[in-house]
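task: produce atomic coordinates for the following.
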Amino acid sequence: QVQLVESGGGLVQAGESLRLSCAASGRTSSSYFMGWFRQAPGKEREFVGNIDRSGRVTYYADSVKGRFTISRDNAVNTMYLQMNSLKPEDTANYYCAAGLIALATTPREYYYWGQGTQVTVSS
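Numbering: from 1, shown residues only. The predicted model follows:
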């Protein structure tokens with residue numbers, strides 16, 4: 001079992017930055033591939049990006065490529081999502097997830113989920 005807890009969400013203006021954290025506990029998080037998803041009201045959960053076990057390989061959705069950066073520190077069992085140049089369309093509840101499929105991009109490929117943290121970007 002892995003427990004995931006997101007933090008760092010908030011209200012920002014367009015163009016500003018936020019860094020989300022995802023703290024893992026339970027079984028060693030370095031054993032898992034990890035990802036970020038987001039969900040806006042009335043919309044399906046959307047893939048944002050993912051990272052491999054080592055932290056050396058990442059993959060991003062086109063909508064965030066060049067603006068968002070995922071990293072992880074296995075020493076403290078934490079994954080990060082650095083979000084720059086935020087846009088109003090980035091407004092959503094952001095979730096971190098852990099799984100055993102390399103660089104998975106769909107929610108059903110992840111086993112464990114956090115409770116989410118809200119990001120709101122005003123124009």
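
contact partners for the most centrally placed residue in the chain?
Closest to where the C-alpha atoms of the chain average out (CA atoms, centre = their mean) is residue 36, at 2.5 Å. Going by CB atoms under 8 Å, 6 or more residues apart in numbering, residue 36 touches 20, 22, 48-50, 70, 79, 81, 94-97. Yep, even glycine has a C-beta here, placed from its N, CA and C like the rest.

by neighbours, which of those wins?
Scoring the contacts of residue 36 on neighbours with other CB atoms under 10 Å, the highest-scoring entry is residue 96 at 29 neighbours.

and the nearest residue to that one once chain neighbours are set aside, helix, strand or coil?
Closest residue to residue 96 apart from its sequence neighbours, by CB to CB, 6 or more residues apart in numbering: residue 22 at 3.4 Å. Using DSSP: H, G, I helix; E, B strand; the rest coil, the structure places residue 22 in strand.

which other helices and strands contact the helix or strand that contains residue 12?
According to DSSP states H and E, residue 12 maps onto strand 10-13. Counting contacts by 3 or more CB pairs under 8 Å, 6 or more residues apart in numbering; DSSP states H and E, strand 10-13 is packed against strand 117-122.

residues contacting the strand it packs on, please?
Contacts of strand 117-122 (CB under 8 Å, 6+ apart): 6-14, 16, 18, 20, 38, 83, 86-94.

what does the average pLDDT come to for it?
For strand 117-122, mean pLDDT rounds to 98.

likewise stretch 79-93?
98.

so how far is it off the chain centroid?
Centre-to-centre, stretch 79-93 and its host chain are 9 Å apart (CA atoms, centre = their mean, to the nearest Å).

how about low-confidence regions in this protein?
27, 29 (pLDDT under 70).

could I get the full set of strands for it?
2-7, 10-13, 18-26, 33-39, 46-51, 58-60, 68-73, 78-83, 92-99, 112-113, 117-122 (DSSP state E).
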